[in-house]
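In: okay, sequence plus prediction incoming.
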Amino acid sequence: SSGGVIPTAPSPPRLSPTSLLFSFTLPSSPAPRTLTPTLILSGLGEDGALGYSLPFPSEFEFTDPPTVSLSSVAPERARTDVPAQVVLTLEDFPGVASLADIAVRF
């Protein structure tokens, strides 16, 4: 992939004088695939040297997401003269950015 991601550091980010822990959010992938990511370190040298890149120690695999399923609806019926709250139980539900991304249509 030609795109990059910006890491975020937990607090405190340094594990030791020579170790650093950080995380990043991967963009989604259009299809399952296996690749070996590269960590690019730039501007590390005191002389302004370009830096270098480090391949990950192992391959990273994007897999197909699990199939979302609706395992229960409660209640299964409601009166017509009053609003009714319905509770749905979903299995393997992916994260969503906002409740506005979810809709139930009757």
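Out: Received it, and whenever you're ready, just let me know what you need.
In: from residue 60, how far off is the closest residue to residue 62 other than its chain neighbours?
Out: Spatial nearest neighbour of residue 62, chain neighbours left out: residue 29 (4.0 Å); criterion: Cβ to Cβ, 6 or more residues apart in numbering. To be clear about C-beta, it is placed using only N, CA and C from the backbone, and glycine gets the same treatment. Going from residue 29 to residue 60 by Cβ to Cβ, to the nearest Å gives 10 Å.
In: do the same with residue 32
Out: Residue 32 is 12 Å from residue 60, where distance means Cβ to Cβ.
In: go on, residue 93?
Out: Taking Cβ to Cβ as the measure, residue 93 falls 24 Å from residue 60.
In: what does residue 40 give?
Out: Taking Cβ to Cβ, one finds residue 40 at 15 Å from residue 60.
In: do residue 103 as well
Out: Separation of residue 103 from residue 60 (Cβ to Cβ): 33 Å.
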